[in-house]
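# for reference, the sequence and a predicted model appear below.
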Amino acid sequence: MTGEAEWGRARRRRPDGRLAVLGERDFGWFFAGYATSLVGSSMAPVAVAFAVLDGGGGGTELGWVMAARILPIVLVMLVGGVVADRLGSRRVMLGSDVLRCAVQGGFAVALATGHAPVWAMAALVAAWGLGEGLFMPALGASVPALVCRKERLPDANALLGLARSVSMVAGPALAGVITAGYGPGAVLLIDAVTYGIAALALARTSAVGPGGPTGETGEVGEVGPGAGGADSMSAELRAGWTEFRSRRWLWVTTVQMALFNLLVWAPFLVLGPLTAQRELGGAGRGPGAW
């Protein structure tokens, strides 16, 4: 009943009151950086697709490069939550942002210098996917620790969801314009900058979460290293799998999303750019393209 009452109070708050969570220092800094990186992340797939096609690749090569990003995400996410518990979610998120910043920056440099064969692109996007797979589980564990007043947690999650939705629409559109004018390398450089901004913003959050769970490391969303080693990690993975299987709504939704990604989204990511390249003239190039 207590949870239902808190949810009811949250729903009755004025629209401007829902933004009050942005006034909390830790969440405000995190949201600013995360929303910025979301825009860059949603721009990057467009740039990667045209980088492959402009480099002489076709549908097969593009499919391999896209798969090289997705597979690490899927595989790493299986253990990402356990890693976040071991090392601390804030530390994992910072490392992920720094890794993705370096990868996208390196990708942009490779394109600018003309040293970006398909195998190198696949390796770079695989490292990008590794960072994504580590970041996602850590994010879920960190948000409650970044919000001081727990009645504002629904508002925080709503704002994060809104940022994701807006970036999914605005990012590809911006990427198309920038790719047409300056080339895919410019988009990837912007993506690298957004990850750097996200890392700096996350680093500004307090070392102690006043309203969130803290562990023996004392950082936001952190817990101390586990004492059980590999055996403990495997036990946690088994426990997580048992919990997942026990919730029908969760695994049914997961299967549905997996089929959507396999049958709808994956072909779209390959066939869309390929059609644009072959029948619509591809991405135009302005005088400053690189």
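Thanks, I have the structure now.

# what score does Phe268 have for pLDDT?
Per-residue confidence (pLDDT) for Phe268: 73.

# equivalent analysis for the one 4 residues further on, please.
The per-residue pLDDT reported for Gly272 equals 72.

# and it, what element?
Taking DSSP states H and E as the definition, Gly272 sits inside helix 266-279.

# how far does that helix sit from the chain's center?
Mean-position distance between helix 266-279 and its chain equals 23 Å (C-alpha atoms, centre = their mean, to the nearest Å).

# ditto for stretch 163-172
On C-alpha atoms, centre = their mean, the centre of stretch 163-172 falls 12 Å from that of its chain.

# list the buried ones in it?
Ala163, Ser167, Gly171, Pro172 (16 or more other C-beta atoms under 10 Å). For the C-beta atoms, the positions are set from N, CA and C on the backbone; glycine is no exception.

# which residues touch that stretch?
With contacts defined as C-beta atoms under 8 Å, 6 or more residues apart in numbering, stretch 163-172 is touched by Phe31, Tyr34, Ala35, Leu38, Val39, Gly40, Ser41, Ser42, Met43, Pro45, Val46.

# packing partners for the helix holding Gly272?
Helices and strands touching helix 266-279, by 3 or more C-beta pairs under 8 Å, 6 or more residues apart in numbering; DSSP states H and E, are helix 25-54, helix 59-87.

# what stretches of the stretch 1-150 of the chain score poorly on pLDDT?
Within the stretch 1-150 of the chain, the segments meeting pLDDT under 70 span 1-16.

# which residues touch Ala156?
Going by C-beta under 8 Å, 6+ apart, Ala156 touches Val21, Phe27, Phe31, Val143, Leu146, Val147.

# wait, the last one touches Gly23, no?
No - applying C-beta atoms under 8 Å, one finds Val147 not in contact with Gly23, separated by 11.2 Å.

# who has more neighbours out of those two?
Higher neighbour count among Val147 and Gly23: Val147, with 23 against 9, using other C-beta atoms under 10 Å.

# list phi and psi for that one.
Note on Val147: backbone dihedrals following degrees, to the nearest 10 are phi -110, psi 120.

# sorry, back to before: can I get the helices and strands packed on helix 266-279 in TSV with mean neighbour count and distance to Trp241?
Compiled in TSV, the helices and strands packed on helix 266-279 are given as follows (neighbours: other C-beta atoms under 10 Å; distance: least, C-beta to C-beta, whole Å):
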stretch	mean neighbour count	distance to Trp241
helix 25-54	23	28
helix 59-87	19	9
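
# reformat these as JSON lines; add distance to Glu243.
What follows is the helices and strands packed on helix 266-279, written out as JSON lines (distance: least, C-beta to C-beta, whole Å):
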{"stretch": "helix 25-54", "distance to Glu243": "27"}
{"stretch": "helix 59-87", "distance to Glu243": "11"}
